[in-house]
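K.L.:
sequence and predicted structure below; questions after.
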Amino acid sequence: MISNVVFDFDGTIANSKSALLGVYNQVAEKHRFKPMVEADIPALSRLSIPERCSKMGVPLYKVPSLMVEVARSYRNVVDSVLAFDGMLSVLQTLHRHGLTVGIISSNATENIQRFLSRNGMGSVVQRVHCSSNLFGKDKVISRYLKTYGLTSEQVVYVGDEERDVVACKKTKLRVLSVSWGLDSLDVLTRVNPDSIAHQPTDILQWVAGLNGLPHLA
């Protein structure tokens, strides 16, 4: 029985692509890395993280510290970030049916809590767990499970990136990829998540099916 639904944040709940792009370019300019424009994103989304870093001239060893800088700068734009249409209703429905809603993210807890409060989600997301470990999301998920005394059979994960699927496979979590986030549909299909959502209500249908219910409404 599924009792916990854990979400990635940026690109899954938060429509933050433009905000992240602006913040990244500020940090890139400071460190003299190649800037990114929105037209670059479809091609980059088809690459692995090391390939993306190579394309943008970012040394892999600098990625963790850069992520901390990005999260710090994000706080200046977080109030302009909105939720994807339909996500508030999805989270409210999961909460109403007694499911615990959590977030695992490489963003900062302060940023996420401000976003949740501004978008009416503060009362329906019970857990926010953040880590800047970009390449070890499976370890972050394992810590989440241990912290809250959960087994992999009780938890499902909803995310928008290849690395979400890879991490969930390592931790034996069932994983739903969303097609409206950072990674392209062909990248997500290549790593074979348990299912793919093309609209937020697909999340509810998937969770209902796993719990043997016709629907969640």
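P.N.:
Looks like it arrived, so ask away. Residues are numbered from 1 along each chain as shown.
K.L.:
what about the closest residue in space to V81 that isn't next to it in sequence, distance to V77?
P.N.:
Nearest non-adjacent residue to V81, counting by C-beta to C-beta, 6 or more residues apart in numbering: S16, 4.7 Å away. Just so you know, the C-beta spots here come from the backbone N, C-alpha and C atoms, and that holds for glycine as well. From S16 across to V77, the span is 8 Å (C-beta to C-beta, to the nearest Å).
K.L.:
looking at those two, which one has more neighbours?
P.N.:
For S16 versus V77, neighbours defined as other C-beta atoms under 10 Å are more numerous around S16 (26 against 16).
K.L.:
looking at it, the more buried one is touching A83, isn't it?
P.N.:
No. With contacts counted by C-beta atoms under 8 Å, S16 stays clear of A83, the gap being 9.6 Å.
K.L.:
let me see the contact set for V90.
P.N.:
V90 makes contacts with 200-201, 203-204, as judged by C-beta atoms under 8 Å, 6 or more residues apart in numbering.
K.L.:
from those residues, which two are the most distant?
P.N.:
Checking the contacts of V90 against each other with C-beta to C-beta, the farthest-apart pair comes out as P200 and L204, at 7.8 Å.
K.L.:
quick one: the helices in this protein, in order.
P.N.:
Using DSSP state H, the helices of the chain run over 17-31, 41-44, 49-56, 63-74, 87-96, 109-118, 137-147, 162-171, 185-191, 201-210.
K.L.:
how about the fifth one: buried residues?
P.N.:
By neighbour count, with 16 or more other C-beta atoms under 10 Å as the criterion, the buried positions of helix 87-96 are 87-88, 90-91, 93-95.
K.L.:
just to revisit the earlier point, tell me the most buried of the helices of the chain?
P.N.:
Of all the helices of the chain, helix 162-171 has the most neighbours on average by mean count of other C-beta atoms under 10 Å, namely a mean of 21.
K.L.:
which strands and helices sit next to that helix?
P.N.:
Judged by 3 or more C-beta pairs under 8 Å, 6 or more residues apart in numbering; DSSP states H and E, the packing partners of helix 162-171 are helix 137-147, strand 155-159, strand 174-178, helix 185-191.
K.L.:
how distant is that helix from the center of its chain?
P.N.:
Per C-alpha atoms, centre = their mean, to the nearest Å, the displacement of helix 162-171 from the mean C-alpha position of its chain is 12 Å.
K.L.:
check what contacts it and list those residues.
P.N.:
8, 48-49, 134-135, 137-138, 140-142, 145, 152, 157, 159, 174-175, 177, 183, 187-188, 190-193.
K.L.:
ends of stretch 104-113, how far apart?
P.N.:
End-to-end span of stretch 104-113 (C-alpha to C-alpha, to the nearest Å): 12 Å.
K.L.:
what do you get for stretch 8-17?
P.N.:
First-to-last residue span, stretch 8-17, C-alpha to C-alpha: 14 Å.
K.L.:
what's next to it, contact-wise?
P.N.:
Applying C-beta under 8 Å, 6+ apart, the contact partners of stretch 8-17 are 7, 20, 38, 41, 81-84, 87, 91, 103-105, 107, 112, 115, 121, 157-161, 164, 178, 180-182.
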